[in-house]
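**Student:** Fold the stuff below for me.
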Amino acid sequence: MESVKTTEALGLILCHDMTQIIKDEFKGPRFRKGHVIQKEDIPVLLSMGKEHVYIWKNDPGMVHENAGAEVLYRLCAGAYMSPSEVKEGKIEVIAERDGLLKVDSGRLKALNALGELMIATRHGNFPVKKGDKLAGTRIIPLAIEQDKLDRAVALGGGKPILKLLPFKKKKAAVINTGSELYAGRIKDAFGPVIKDKLDEYGVDVMAQEILPDDEALVSEKISEFIEKGAEIVICTGGMSVDPDDITPSAIQKTGAEIVSYGAPVLPGAMFLLAYQGEIPIMGLPGCVMYAKRTVFDLVLPRILAGEKLVPEDLSSLGEGGLCLNCEVCTYPNCGFGK
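**Tutor:** Residues are numbered from 1 along each chain as shown. Here you go, the predicted structure:
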């Protein structure tokens, strides 16, 4: 490419999109890459503050910003993703279905460290909807060295930086524990909250049962629900340290492998996650009933996307694990879980 005075650019070819901004009226490409400059274009370009323009000149070893952005898109996008229109050296990655976004943070950092190119993504391990923007890519200069793009491709390692894991339709069983609840002294307020959260993901609640604080009964019911086809078992109540709080020991008595009893998240520190084979069993503390968002909201999407969580998945929630309990909840557009 070559810079020439705008007043001398008649008949020359623009080598990049030219953005025009008119406050409260318009922002976007006024002239596109490849446009042949006409006489009437010159005063418009001057009004845009363009005393000089870059015109196309074939430079060996250099790649135009739009072609470079297409390379970055291919490094990012996995299955169930599509590109936006390329313009001004930018392409956005769009979700084609609902699911859980996964981001390879290490390779993302390495690519952005190359300079003259950038990839910005949403935070990983969060649910996204069809049509959501997942990432944006851009080449910073008007042209980038082919060698630098080759290094970017090598860092990509032949697999996409982003994954979109579709949510799986699962059958859940819910056990509400509490002798006061079983005796009818209080109304069940936990069950409807759990059902609403599961409904967000299309989960079928195949069964719900209220049981007293009896370790053997709770343990037997968990195993019974799994035998009947439950793919997730959720136990509520009895998760603290009082004598009647028997849910953790009841889950353990089933023979399930305990991943973690406790999570560095507030609200939700007394959360328990276990697996009976591939079946997740969750013990939910009382905060899930009354707090707008808790550890359950961070873990549930990952389980429904088919991930089998390990202790490190929960321990890593500490940074960002403090919910500020805002008067108006904007989750997930906030810092909780990030």
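**Student:** Helices of the stretch 1-150 of the chain, residue ranges please.
**Tutor:** Remark: helices assigned in the stretch 1-150 of the chain by DSSP state H, counting those that start in this stretch are 41-47, 65-76, 105-112, 146-156.
**Student:** Nearest to residue 171, out of the ones you listed?
**Tutor:** helix 105-112 (33.0 Å; C-beta to C-beta). Backbone N, C-alpha and C define where each C-beta goes, glycine included.
**Student:** tell me which residues of the closest one are tucked away?
**Tutor:** Across helix 105-112, burial judged by 16 or more other C-beta atoms under 10 Å covers 107-108, 110-111.
**Student:** Farthest-apart pair in those, please.
**Tutor:** Spanning the widest gap among the buried residues of helix 105-112 are 108 and 110, at 7.3 Å by C-beta to C-beta.
**Student:** For the stretch 51-200 of the chain, give me the ranges with low pLDDT.
**Tutor:** 58 (pLDDT under 70).
**Student:** how about the strands in it?
**Tutor:** Using DSSP state E, counting those that start in this stretch, the strands assigned to the stretch 51-200 of the chain run over residues 52-55, 62-64, 81-83, 90-95, 99-103, 117-121, 126-128, 133-139, 143-145, 162-165, 171-177.
**Student:** Select, out of those, the one closest to residue 216.
**Tutor:** Across the strands of the stretch 51-200 of the chain, closest to residue 216 is strand 171-177 (C-beta to C-beta), at 12.4 Å.
**Student:** Pairing partners for the closest one, with directions?
**Tutor:** Here strand 171-177 has these sheet partners by DSSP bridges: strand 204-211 (parallel), strand 232-236 (parallel).
**Student:** Which residue lies nearest the spatial centre of the protein?
**Tutor:** residue 126 (3.2 Å; C-alpha atoms, centre = their mean).
**Student:** which of the strands paired with strand 171-177 sits most buried?
**Tutor:** strand 232-236 (a mean of 26; mean count of other C-beta atoms under 10 Å).
**Student:** Report the mean confidence score over that one.
**Tutor:** Rounded to a whole number, the mean pLDDT of strand 232-236 is 97.
**Student:** so what secondary structure elements neighbour the next helix or strand after that strand?
**Tutor:** Remark: after strand 232-236, the chain's next helix or strand is helix 247-253, criterion DSSP states H and E. In terms of contacts (3 or more C-beta pairs under 8 Å, 6 or more residues apart in numbering; DSSP states H and E), helix 247-253 is packed against helix 215-227, strand 232-236, strand 257-261, strand 272-276, strand 279-284.
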